[in-house]
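Trainee: Could you work out the structure for the sequence below:
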Amino acid sequence: MQLALLVTKNHRLLSLVAALDLFEMVNRMLVESGKEAGLELSFLGLSPNSPFGENLNHINYYQINESIPKLDMIVVPAFANREMPNNIAMNQEFIGFLRQQYEKGCELASLCTGSFLLAASGLLNGKAATTHVDAAEGFYYAFPLVDLQPHAVITSDSNIYTSGGATSSFHLKLFIVQKFFGRELALQIAKAFAIDMDRDNQLYFDQFKPSLAEGDDLVRKIQLMINERYSEIRNVEEAMEEVPSSRRNIIRRFKQATGITPIRYLQKTKIEAAKNLLETTNKDILDVMVCSGYNDMKNFRQLFKTFTGLTPKSYREKYGMRLG
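Mentor: Below is the predicted model of the structure:
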């Protein structure tokens, strides 16, 4: 199987090297079991020469415009920062190449925010995809034609695969190993890398830490109001009443400046406060609900699970401090 790792500009080195490490272990384990190595690994980049030193010179490097072997799969690593429009612009030359390879039957996989490059190619339109939870809002507004599933650890749709953030990427690599070499080998790799196989949701990793809007004092005022008074603001209309502008104008400008609507901002702020209380205090669930600005337990539980994938009790069991 010809598997190539895309050497994108501004890639996250750990994402690329961790994938290489795991796939090289696949070959070692196959050889140790008396079989032939199953993966022919290579790098694909834009520059004529490999950017890696001697430690990786055993891996073939190809420039995308030269003659390359027929590929079975291309893996796109995560990007090193969240400046996605810039990352996509820097890697425009890959977009046509990815389309051509997919049309030839090559399967595609992205790790974490690498999904932005796949989405920019149009290949994810109408297909399920996921990405790092912290990048999900930006992805949703940038690529509305993609069936974004922010809770998903991995997705598989029409021979295109995507993964969530950070360690969720290991689950996609294991999925690839299982698909082509069987579950037994995938389990061996999981144990070697100490990866829990039972993760089916990544929403509880999300952290809502929005930046204050620059260049729009109206939006900034609403953000500050919500940040400081979220526990007493019952609904977003209360916050907007104090701003001298129409509701429609506020929503338009707020969404343009922050990427989300005011009500979404208020909800995420309240739930983030609840998460913090569950993590760091021994307050009971009712007190957590009230302190975070809710007065209806059913509504609170429903929203908490929508944003985190867990109930408040399950979240505390997973992340709460052991306070005796």
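Trainee: how far away is the most centrally placed residue in the chain from residue 269?
Mentor: Centroid check for the chain by Cα atoms, centre = their mean gives residue 132 as the closest residue, at 1.4 Å. From residue 132 across to residue 269, the span is 20 Å (Cβ to Cβ, to the nearest Å). To be clear about C-beta, it is placed using only N, CA and C from the backbone, and glycine gets the same treatment.
Trainee: ditto for residue 208
Mentor: Residue 208 is 7 Å from residue 269, by Cβ to Cβ.
Trainee: Same check on residue 316?
Mentor: Residue 316 is 19 Å from residue 269, by Cβ to Cβ.
Trainee: What of residue 146?
Mentor: From residue 146 to residue 269 the distance is 26 Å (Cβ to Cβ).
Trainee: Residue 131 now?
Mentor: Distance of residue 131 to residue 269, computed by Cβ to Cβ: 22 Å.
Trainee: who has more neighbours, those two?
Mentor: A direct count of neighbours by other Cβ atoms under 10 Å for residue 131 and residue 269 places residue 131 higher, at 34 against 20.
Trainee: what's near enough to touch that one?
Mentor: Contacts for residue 131 (Cβ atoms under 8 Å, 6 or more residues apart in numbering) come out as 110, 112, 113, 115, 116, 139, 148, 150, 162, 164, 165.
Trainee: Identify all contacting residues around the host helix or strand of residue 225.
Mentor: Assigned by DSSP states H and E, residue 225 belongs to helix 217-229. Residues outside helix 217-229 that contact it (Cβ under 8 Å, 6+ apart) are 210, 212-214, 233, 239-240, 242-243, 245, 250, 253-254, 257-258, 262, 265-266, 269.
Trainee: hmm, 10 Å instead?
Mentor: Helix 217-229 is contacted from outside by 210-214, 216, 233, 236, 238-240, 242-245, 249-250, 253-258, 262, 265-266, 268-270, 273, 293, using Cβ atoms under 10 Å, 6 or more residues apart in numbering.
Trainee: helix or strand right after that helix?
Mentor: helix 236-241.
Trainee: what angle separates the following helix or strand past that next one from helix 217-229?
Mentor: As assigned by DSSP H and E, the chain's next helix or strand after helix 236-241 is helix 247-258. Helix 247-258 runs at 80 degrees relative to helix 217-229, counting by axes from the mean of the first three to the mean of the last three Cα atoms, to 10 degrees.
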